[in-house]
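Student: Dropping the sequence and predicted coords here.
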Amino acid sequence: MTDTTARLAPDHTVWSVWMEDSDSWDGVALYADEQTALAHAAADWIGSEYGQPDPDDPEQIVHTLTWTKPYSQWQLADEGRDTGIRVAEANVYRPATPDEIAAQDAERARREAEYAALPRMSMAEAIEALTA
């Protein structure tokens, strides 16, 4: 039987910028590279929170922004306070080629065979092994 399901393959990576729980930030911005995403997100935060900086004002307050990556996404803090700004990697997909579909099928068959080769025991045997 031939699988006629449409298949996808990763095409390239983008970086997605958003603000959690915010009505003032509309949607998500996508960037081609991580450093640009981080820089634009920080600049947008300063602009939206404090107004656009004036480069000629020596009295202007400087804010300490820090990026941390505790999980799989960057988080921006302003003076140690979480801003809700997030930057994360995202894949863009395209239709898979026949060769990629064949490789996907081969990988799935390999994983299924590996799983099938694992030792098995019934629930009764497992309970007996735990209580012995």
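Tutor: Thanks, I have the structure now. Numbering: from 1, shown residues only.
Student: This protein: helices as residue ranges?
Tutor: For the chain, the helices defined by DSSP state H occupy 34-50, 98-116, 123-131.
Student: Is it possible to get TSV of those that adds distance to residue 92 and mean pLDDT?
Tutor: In this view, the C-beta of every residue, glycine as well, is placed from N, C-alpha and C. Formatted as TSV, the helices of the chain follow (distance: least, C-beta to C-beta, whole Å; pLDDT from 0 to 100):
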stretch	distance to residue 92	mean pLDDT
helix 34-50	14	90
helix 98-116	15	94
helix 123-131	44	89
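Student: of all those, which gets the most neighbours per residue?
Tutor: helix 34-50 (a mean of 15; mean count of other C-beta atoms under 10 Å).
Student: Run through the neighbouring helices and strands of that helix.
Tutor: The helices and strands touching helix 34-50, judged by 3 or more C-beta pairs under 8 Å, 6 or more residues apart in numbering; DSSP states H and E, are strand 8-19, strand 29-31, strand 65-68, strand 73-78, strand 81-95.
Student: Which stretch among the ones you listed is buried most, on average?
Tutor: Buried most deeply of these, by mean count of other C-beta under 10 Å, is strand 73-78, with a mean of 18.
Student: I'd like the mean pLDDT over that one, please.
Tutor: In this model, strand 73-78 has an average pLDDT of 95.
Student: just checking, what packs against it?
Tutor: Under the contact criterion of 3+ C-beta pairs under 8 Å, 6+ apart, strand 73-78 touches helix 34-50, strand 65-68, strand 81-95.
Student: Would you mind giving the helices and strands packed on helix 34-50 as a markdown table with distance to residue 49 added?
Tutor: Converted to a markdown table, these look like this (distance: least, C-beta to C-beta, whole Å):
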| stretch | distance to residue 49 |
| --- | --- |
| strand 8-19 | 11 |
| strand 29-31 | 17 |
| strand 65-68 | 10 |
| strand 73-78 | 7 |
| strand 81-95 | 8 |
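Student: about what we covered before: so which of the helices of the chain comes closest to residue 17?
Tutor: For those, the distance to residue 17 is smallest for helix 34-50, at 4.6 Å, taking C-beta to C-beta.
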